[in-house]
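K.L.:
Structure for this input, please:
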Amino acid sequence: MSIRCCFHPGPKNASAVWAAQRVPPGHVAAVANGFIIRELNLTNSDNYLASPNVHSFAQSMGWWDPSAGPFDFTAAYNYHTPGPIGPLYVGRRVWRILDWFAPSLRLNATLGQSTLPTYPFSVPVDAPVTLHSVFELLKDHYEGTAFDMTQGLAAGPFGNPTRYVPSCRYQWSTDLCMVVALMDRRVA
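P.N.:
So this is what the prediction gives:
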């Protein structure tokens, strides 16, 4: 049994707004620097829990309007990066983890926007998850996919798929940060 929690600072940063969803047995969930919990069924307390102010705080901040449809925790509380960076930085890694353990689902590798429907919270695995399969995933560079970081331009001028993210606090590094941020990032 596993529960995945997501936290967000509450009013005046005095507390946290949070949500938790149980990962079903035989499933995997992937959290890659972004929220993955979408709709909350708080009447089902065996599988969903949340802070008492999860709806009211989002509404008071203008992040959710009940008349617009059901509450979506990720759409309300996740940081929304404009442009193509979010799907590459978060979405592609979520896809790779889910696809690694459930390739039979043939998930779309181009999803990952926090304000749009995207990957399922969890997926049933095709084979049991082992330490070895997790270790192999953490070494992966999308080998064998269209996003293989060990081939072509993605491997860089020296055939090295490792991406070192520079500090973006200084003006001289801003251009380099944009180049690195627009590239896929591996899972680990």
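K.L.:
count of neighbours near Arg106?
P.N.:
Per other Cβ atoms under 10 Å, the neighbour tally for Arg106 reads 8. Bear in mind the C-beta positions are built from the backbone N, C-alpha and C, glycine included.
K.L.:
pLDDT score for it?
P.N.:
With respect to pLDDT, Arg106 scores 95.
K.L.:
Could you check how far it is from Pro66?
P.N.:
As judged by Cβ to Cβ, to the nearest Å, Arg106 and Pro66 stand 35 Å apart.
K.L.:
How about Val123?
P.N.:
The gap separating Val123 from Pro66 is 30 Å, by Cβ to Cβ.
K.L.:
quick one: which of the two has more around it?
P.N.:
The neighbour comparison of Val123 against Pro66 (other Cβ under 10 Å) goes to Val123, with 21 against 10.
K.L.:
Please enumerate the helices of this structure.
P.N.:
Counting by DSSP state H, the chain has helices at residues 54-60, 73-77, 85-86, 92-101, 131-139, 174-181.
K.L.:
ok, of the ones you listed, where does mean pLDDT dip lowest?
P.N.:
For those, mean pLDDT drops lowest on helix 174-181, to a mean of 51.
K.L.:
burial count for the residue nearest to Leu42 when sequence neighbours are not counted?
P.N.:
Using Cβ to Cβ, 6 or more residues apart in numbering and skipping the chain neighbours, the partner closest in space to Leu42 is Tyr48 (5.6 Å). Close neighbours of Tyr48, defined as other Cβ under 10 Å, add up to 18.
K.L.:
Report the beta-bridge partners for Tyr48.
P.N.:
Here Tyr48 sits in beta bridges with Gln21, as judged by DSSP bridges.
K.L.:
my read: it touches Asn41, true?
P.N.:
Yes - at 5.2 Å, Tyr48 and Asn41 qualify as touching, with contact defined as Cβ atoms under 8 Å.
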